[in-house]
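J.: Sequence and predicted model, in that order:
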Amino acid sequence: MITLFLSQLWVQRLGWTLLHFLWQGTAIVIAYAALRGFLARKLSAPGRYALACAALAAMAVAPPLTYLLIASGSGIRAPAVATQAAWWTGSEWQRLLPGVVSLWLLGVLFFSLRLFGAWRFTARLRSTAHPAPAEWRQAMERIAQRVGASRPVRLLVSSMVDVPTVIGWLRPVILIPLESLAGLPAEHITALLAHELAHIRRNDYLASMLQSIAEAVLFYHPAVWWISEQIRAERELCCDDLAVAASGDALTYARALAELEWRQPSRLKHGVAANGGSLVNRIRRLIEPAHASVNNLPGPGAAWAMTLLWLAGVGVTLVHAAQTPAPRVVNLNPVAAPARASAAPAAGPVAAMASHARDTLLYDPLLSAQVAQPVAPPQGRDGGPGEQGPVPVSVSKVRRADVPVYLNGLGTVTPSSTVTVKSRVDGQILSVNFQEGDLVKQGQVLFTIDPQPYEITLTEAEGQLERDQAQLAGVQKDLKRLQTLANSGVVGVDQLNAQVALAGQMGGTLKADQAAVENAKLRLSYSKVTAPLAGRIGLRLVDPGNIVHAADNTGLLVISQLQPIGVVFPVPEDSLQPVLKKLRSGAKLPVEAWDRTDSVKIATGYLLAVDNAIDETTGTAKLKAIFSNSDEELFPGQFVNTRMLLETQRDQIVIPSAAIERSSQGAYVYVVGYNSRVQVRPVTLGVISNADMQILSGLEIGEQVVVKGIDRLQNNAEVRIER
């Protein structure tokens, strides 16, 4: 039955359709990349998203159209059955088609089961979640009005997600981790919910469903997955723009996204999570819109380019085989073969693939240097020893220099101390003794709370103390009198003991009165709210005339200590041990803070501490540097680029970074020989320091390398050195 099934005509047509999609998908992705690269600076995020969706739609439409063309017998067609002996003829391809179709059906079944599993998992999430509190739902309704999402959406709380996530393909809901978001500021939560509502406004859940179906059907072409990743990335950028428009502040939204960096990535492959895409790229795009980069090539670029070229070669070969009505008979006569070689058609797919590989061979200087003949320099390229003469170049000598080794990172400025000032007594605020944004000293009076109730309490306590002091004085006089009478035998011992006890009781009462007086004085002093530390005051949270209580959750104001100030930045876990080794040895590692363009140095400090754990999600450890900040160039919440000097390697071989070229074989340079000809020399690179690159092997001191005019060179080219 299986043999009968696979021998059906539609199986043959489907097999040719799947093979033809190799070159069709490659052509579509190349056209998409070229068009996107041409319009990179003109297209916004919605435009790039629409372009990527159009490319995926073209990939989805191409196979059905190809099948119809094959079935109709026009355009693309399957080859006729060969009647003569030939090397890998069209009939050989036809014998492979049932296997191709079988493998494709197994792949579709596998990815369909994955989709079904994802659907079951989202259904379980929906069933185990419970409605969010009423205040959260009301807040989401207000945010939905700002975003423009008119469709009613359910807001559910789930402990199985770590970030706000939209699930569901037909009836979407928003899941939130209430415990994780409870500690975030209200404006951050607003921005994150606006992002998720933007997904629903744009109907991204339906696009995600269609996208998943396309991935399951066309799974075998890598271009489909790359286009799909582009769609997901651009989708997040579109929703970022809508969230910024709703929240009104790109920096606030960037900080909200930064809060998600340490959280676990979403486990929902087919859900839409708030930390989708590349969080680092999204944050950089928000805080550096002028320097936002657009990736047009799949990475790593070289591997993808070779893969796409190979698929294109196979596809073109299949088209050639499919359009050949009958195979050529191979001529076994070695004498007559050269005479007929130019007139004979291609010998089949292998010959076509070899010819295609020769036509599309990429120039690699290292490979060319390995096979070049020293007696015959290459001709016909710019800068060769042909018609145009020597190539003018600028050179630099290989030299020795000290190479500083830096660890770079993206840091966030944090104050040394942050204090929320609260009232320690209840009362009405009479005066505010500062201006918002002022620099205050420790102990400076900030607020004056009505002191009259506490003055009255102090007066009452002092009066009670004076009364009890007078009573104690009377009791002590009576005690002295009774002691004299007891010595004379006039009064009994019991009466004397009672008077002694009364004197002790009054002494204890007097101590309690003194404590009450001190407590009243202390509470009276609390009516003047003072600064607990020196720093800069933020915006005040209460105004004169308000009644404040010691039990209030919100404070009166926030003071941040800016001198000194800290910067927290991550380093890779592989670089952590050298840092710890330096700290254990007592070294003081200098840290530089640079602006967001990495062109202006803001301040210089030193490393203060290392966090006690590595972040499992990012594989980085957090370091904290301290800066004097005497000129207040650093401000809390500011993003800066950090450079920490780990060590300085003495007397190293260096050359200008402009001399370094790269190919599929690695890094190389052009070395000028004694005969004014250049040779390709592979090198092993070390660390980069400013405009110089450390060379670990491949060059000797005094050799000359080309730094300008490289684009016109090839191995063994003649050059003319310009001073």
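T.: Sure, I can see it. Here the structure is a predicted model, which means the values were calculated and not measured.

J.: contacts and neighbour counts: CA atoms only from here.
T.: Will do.

J.: longest strand anywhere in this structure?
T.: Using DSSP state E to define each element, the chain has its longest strand at strand 399-421.

J.: Report the rounded mean pLDDT for the strand or helix carrying residue 96.
T.: Using DSSP states H and E, residue 96 sits in helix 90-128. Per-residue pLDDT over helix 90-128 has a mean of 79.

J.: ditto for stretch 451-465
T.: Per-residue pLDDT over stretch 451-465 has a mean of 91.

J.: quick one: buried residues of that stretch?
T.: The neighbour-count check on stretch 451-465 (16 or more other C-alpha atoms under 10 Å) flags 451, 454, 455, 457, 458, 461, 462, 464, 465 as buried.

J.: so which of the residues you listed comes closest to residue 603?
T.: Nearest to residue 603 among the buried residues of stretch 451-465 is residue 451, at 45.4 Å by C-alpha to C-alpha.

J.: Next one: the closest residue to that closest one other than its chain neighbours from residue 425, what distance?
T.: In this structure, residue 451 finds its nearest non-sequential neighbour in residue 527, 5.7 Å apart by C-alpha to C-alpha, 6 or more residues apart in numbering. As for residue 527, its distance to residue 425 is 7 Å (criterion: C-alpha to C-alpha, to the nearest Å).

J.: do residue 18 as well
T.: 79 Å.

J.: more crowded one of residue 527 and residue 425?
T.: Set side by side, residue 527 and residue 425 show more neighbours around residue 527, with 24 against 21, by other C-alpha atoms under 10 Å.

J.: so that one sits right up against residue 449, yeah?
T.: Yes - judged on C-alpha atoms under 8 Å, residue 527 makes contact with residue 449 at a distance of 4.7 Å.

J.: Sheet partners, orientation included, of the longest strand of the chain?
T.: Strand 399-421 pairs in its sheet with strand 557-572 (antiparallel), strand 639-656 (antiparallel), by DSSP bridges.

J.: related to what we said a few turns ago, how far off centre is the helix holding residue 96?
T.: 32 Å (C-alpha atoms, centre = their mean, to the nearest Å).

J.: Check stretch 203-213 too.
T.: Distance, centroid of stretch 203-213 to centroid of chain: 24 Å (C-alpha atoms, centre = their mean).

J.: in it, what's buried?
T.: 204, 205, 206, 207, 208, 209, 211, 212, 213.

J.: picking that back up, buried deepest among the strands paired with strand 399-421, which one?
T.: Highest mean neighbour count of the strands paired with strand 399-421: strand 557-572, a mean of 22 (counted as mean count of other C-alpha atoms under 10 Å).

J.: Could I have the CA atoms of it written out in PDB?
T.: The C-alpha trace of strand 557-572 is given here as PDB (Å, rounded to 0.1, in the frame of the first residue of the first chain):
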ATOM      1  CA  LEU A 557      10.900  63.200  49.800                       C
ATOM      2  CA  VAL A 558      13.900  61.100  48.500                       C
ATOM      3  CA  ILE A 559      17.500  62.100  49.000                       C
ATOM      4  CA  SER A 560      20.200  60.600  46.800                       C
ATOM      5  CA  GLN A 561      23.900  60.800  47.700                       C
ATOM      6  CA  LEU A 562      25.700  61.900  44.500                       C
ATOM      7  CA  GLN A 563      29.200  62.300  45.900                       C
ATOM      8  CA  PRO A 564      30.600  59.700  45.600                       C
ATOM      9  CA  ILE A 565      28.400  57.900  43.100                       C
ATOM     10  CA  GLY A 566      28.400  54.400  41.800                       C
ATOM     11  CA  VAL A 567      28.100  52.700  38.400                       C
ATOM     12  CA  VAL A 568      26.900  49.100  38.100                       C
ATOM     13  CA  PHE A 569      27.900  47.200  35.000                       C
ATOM     14  CA  PRO A 570      28.100  43.600  33.900                       C
ATOM     15  CA  VAL A 571      31.100  41.500  32.700                       C
ATOM     16  CA  PRO A 572      31.100  38.100  31.100                       C
END
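
J.: immediately after it, which helix or strand?
T.: Moving toward the C-terminus from strand 557-572, the next helix or strand (DSSP H and E) is helix 576-584.

J.: I'd like to know which elements that following helix is packed against.
T.: Helix 576-584 sits against strand 639-656, with contacts defined as 3 or more C-alpha pairs under 8 Å, 6 or more residues apart in numbering; DSSP states H and E.

J.: got the CA positions of the strand it packs on in CSV?
T.: Output in CSV follows, covering the C-alpha atoms of strand 639-656 (Å, rounded to 0.1, in the frame of the first residue of the first chain):
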residue,chain,number,x,y,z
PHE,A,639,23.4,54.9,31.0
VAL,A,640,27.2,55.0,30.4
ASN,A,641,29.8,52.9,28.6
THR,A,642,32.4,51.6,31.1
ARG,A,643,36.0,50.6,30.5
MET,A,644,37.8,48.8,33.3
LEU,A,645,41.6,48.5,32.9
LEU,A,646,42.4,44.9,33.9
GLU,A,647,46.1,44.9,33.1
THR,A,648,48.8,46.4,30.8
GLN,A,649,50.8,43.9,28.7
ARG,A,650,54.3,45.3,28.2
ASP,A,651,56.3,45.3,25.0
GLN,A,652,53.8,43.7,22.6
ILE,A,653,53.8,43.5,18.8
VAL,A,654,51.2,45.9,17.5
ILE,A,655,50.0,47.3,14.1
PRO,A,656,47.3,49.8,13.2
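
J.: Adding mean pLDDT, write the strands paired with strand 399-421 out as CSV.
T.: CSV is the format used below for those (pLDDT from 0 to 100):
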stretch, mean pLDDT
strand 557-572, 92
strand 639-656, 91
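
J.: Could you point out which of those sits nearest residue 239?
T.: When these are ranked by proximity to residue 239 (C-alpha to C-alpha), strand 639-656 comes first, at 22.8 Å.

J.: so what strands line up beside the following helix or strand past that closest one?
T.: Sequence order places strand 661-663 as the next helix or strand after strand 639-656, per DSSP H and E. Under the criterion DSSP bridges, strand 661-663 sits next to strand 666-672 (antiparallel) in its sheet.

J.: Please identify the buried residues of the strand it pairs with?
T.: If you call a residue buried by 16+ other C-alpha under 10 Å, then strand 666-672 has these buried ones: 668, 669, 670, 671, 672.

J.: What is the helix or strand harbouring residue 65 packed up against?
T.: Applying DSSP H and E as the criterion places residue 65 in helix 45-72. Under the contact criterion of 3+ C-alpha pairs under 8 Å, 6+ apart, helix 45-72 touches helix 9-38, helix 222-247.
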